[in-house]
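[1] how would this look folded up:
(chains A, B, C and D)
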There are 2 protein chains.
Amino acid sequence: MKILLLEDDTVLSSILIDFLSETYSVTHTYSMKEALSLSEENSYDLYIFDINVPDGDGITLLRELRSFHDETPTIFITAFHDISYLKKAFESGANDFIRKPFDLEELYGRIENIKRHFGLFNIVKLGDAMELNTQTHLLTCKDKTEHLTQKESELLLYLYKHKNRVISTDELLQNLWNYEELPSSDAIRTLIKELRKYVGREHIINIRGEGYKFE
Amino acid sequence: MKILLLEDDTVLSSILIDFLSETYSVTHTYSMKEALSLSEENSYDLYIFDINVPDGDGITLLRELRSFHDETPTIFITAFHDISYLKKAFESGANDFIRKPFDLEELYGRIENIKRHFGLFNIVKLGDAMELNTQTHLLTCKDKTEHLTQKESELLLYLYKHKNRVISTDELLQNLWNYEELPSSDAIRTLIKELRKYVGREHIINIRGEGYKFE
DNA sequence: CTTACTCACAAAAAATTTTTGTCAAAAGTA
DNA sequence: TACTTTTGACAAAAATTTTTTGTGAGTAAG
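    Now for the predicted structure:
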């Protein structure tokens, strides 16, 4: 899931980037203008805007975006006191807000909540550079989008969910097929071959006699 | 068998060295004085002296040597005409002579004849640097003398006689033992091990599954 | 006491088996 | 039909096992 973060406080932004990057793909900017151009050039799944930034405010930015029918869900960050903006924020199309100082876990909860709301729960970040939509089976990787088949997608997701652990062929068969329609292990081998074309050989490692490991 | 050759004619000496080196160990010198000092420093099995050399003559040299009880067999080389020296030569202790120009095979025959006479037939040249006395089992190598056991000596001789050919363990067993007392192939392995200590690993090469080759 | 040989085990090389990678193509599915 | 899934054949790679060779110690015979 791709997040566009607008935050001018260097300390806070670095904390946020560190935290959010564990789970999402984060693009960060200090200025409203850049945020605007970034949102035009790319497509994001979530905006997180600080209300007060040097060259404007998040509310104006959001109003602008919404006028172009950009319905990307948006969370505002606001100073504890400054709840005066609240009403305006929601009027301009905000979906949630969070007051500084805040607990990172709270932010995480709110993001997950929005994901649920907007049906984004099936976008999974794989490593630093890739994202997989587990419904459409689209794999996004450095602006390039690949169309995986369903099985490829399932296998990739399974490997990712158990990354850094060696997973045997049998385990994969057990978990990705039902008992009546187990294929031979040949099927896994060809799937692995295909996946490697997309995610790169270096990420799917074979441990002889044991299985495969996603890194 | 080690030969000391005294011959000042460069053409003839190079021919002689080439020919004799195939069978014997040859040390060559142009001058009588050097011949004298060489004979004192080393021990040779045969002298081949030209009667006429720049700084003296072979006869004087031989007389000198004999006076020190050096009984090394000696062959003189003399010009066809100048048989006048003949008597003096024999008186001074020569064992044979050969007249220029001569056939190399003739020289070879005379040398072999002397070997027979003096019981030197069991000295065999191995490669460029070694000699094996097949009776005493003494292996001479760069001034160092090693005492081989009988079997070591027999094996080395067999290998040498068939050098550059791969010889199987079975062939060695067949040829170096009699039928009733064939040892196991272990015996060969230990003999090879010992021989390699003497002649150097590089000269006895193993061809896996086939045998050993002397080079 | 030396020699000839055997034995046990280490080291090296080769042969064999197992596992994995790859491709083409068959079979299944919408 | 077009696409996904699976299979099967074979190549490539890795591991295992077997065979051969090297080495030192030790024994028996002369």
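[2] hey, let's count contacts and neighbours off CA atoms from now on
    OK.
[3] Which strand or helix spans residue A:174?
    Taking DSSP states H and E as the definition, residue A:174 sits inside helix A:169-176.
[4] After that helix, which helix or strand is next? Please name it.
    helix A:185-199.
[5] Mean confidence (pLDDT) on that next one, please.
    Per-residue pLDDT values across helix A:185-199 average out to 94.
[6] how much space between residue A:199 and DNA strand C?
    Between residue A:199 and DNA strand C the distance is 12 Å, computed by CA to the nearest atom of the strand, to the nearest Å.
[7] Near that residue, how many other residues are there?
    If you count neighbours by other CA atoms under 10 Å in any protein chain shown, residue A:199 ends up with 16.
[8] Contacts only, for it.
    Applying CA atoms under 8 Å, 6 or more residues apart in numbering or on different chains to residue A:199 gives no contacts.
[9] again, 10 Å this time
    With contact set as CA atoms under 10 Å, 6 or more residues apart in numbering or on different chains, residue A:199 has these partners: A:126, A:129-130, A:139, A:141, A:156.
[10] How much space separates it from DNA strand D?
    As defined by CA to the nearest atom of the strand, residue A:199 lies at a distance of 16 Å from DNA strand D.
[11] quick one: buried residues of the helix holding residue A:174?
    Buried residues in helix A:169-176, counted by 16 or more other CA atoms under 10 Å in any protein chain shown: A:169, A:172-173.
[12] and if you look at stretch A:208-215?
    Under 16+ other CA under 10 Å, the buried positions of stretch A:208-215 are A:211-214.
[13] Next: stretch A:189-209.
    Using 16+ other CA under 10 Å as the test for burial, stretch A:189-209 gives A:191-192, A:195-196, A:199, A:203-206.
[14] How about stretch A:94-102?
    Across stretch A:94-102, burial judged by 16+ other CA under 10 Å covers A:94-99.
[15] of those, closest to DNA strand D?
    Proximity of those to DNA strand D (CA to the nearest atom of the strand) peaks at residue A:95, which lies at 35.1 Å.
[16] That closest one reaches residue A:74, doesn't it?
    Yes. At 5.4 Å, residue A:95 counts as touching residue A:74 under the criterion of CA atoms under 10 Å.
[17] Now do the shared contacts for the two.
    Shared contacts of residue A:95 and residue A:74, counting by CA under 10 Å, 6+ apart, come down to A:47, A:89, A:114.
[18] For PyMOL, write a command that selects the buried ones of those.
    Buried residues within those, by 16+ other CA under 10 Å, are selected in PyMOL with:
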select buried, chain A and resi 47+89+114
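[19] what angle sits between the helix holding residue A:174 and helix A:185-199?
    In terms of direction (axes from the mean of the first three to the mean of the last three CA atoms, to 10 degrees), helix A:169-176 departs from helix A:185-199 by 80 degrees.
[20] Which strands and helices lie in contact with helix A:169-176?
    Contact here means 3 or more CA pairs under 10 Å, 6 or more residues apart in numbering or on different chains; DSSP states H and E; on that basis helix A:169-176 packs against helix A:150-161, helix A:185-199, strand A:211-214.
[21] Starting from the helix or strand that the longest one is followed by, tell me which strands it pairs with and how they run.
    In this case it means helix A:185-199. Moving toward the C-terminus from helix A:185-199, the next helix or strand (DSSP H and E) is strand A:204-207. Its sheet considered, strand A:204-207 pairs with strand A:211-214 (antiparallel) by DSSP bridges.
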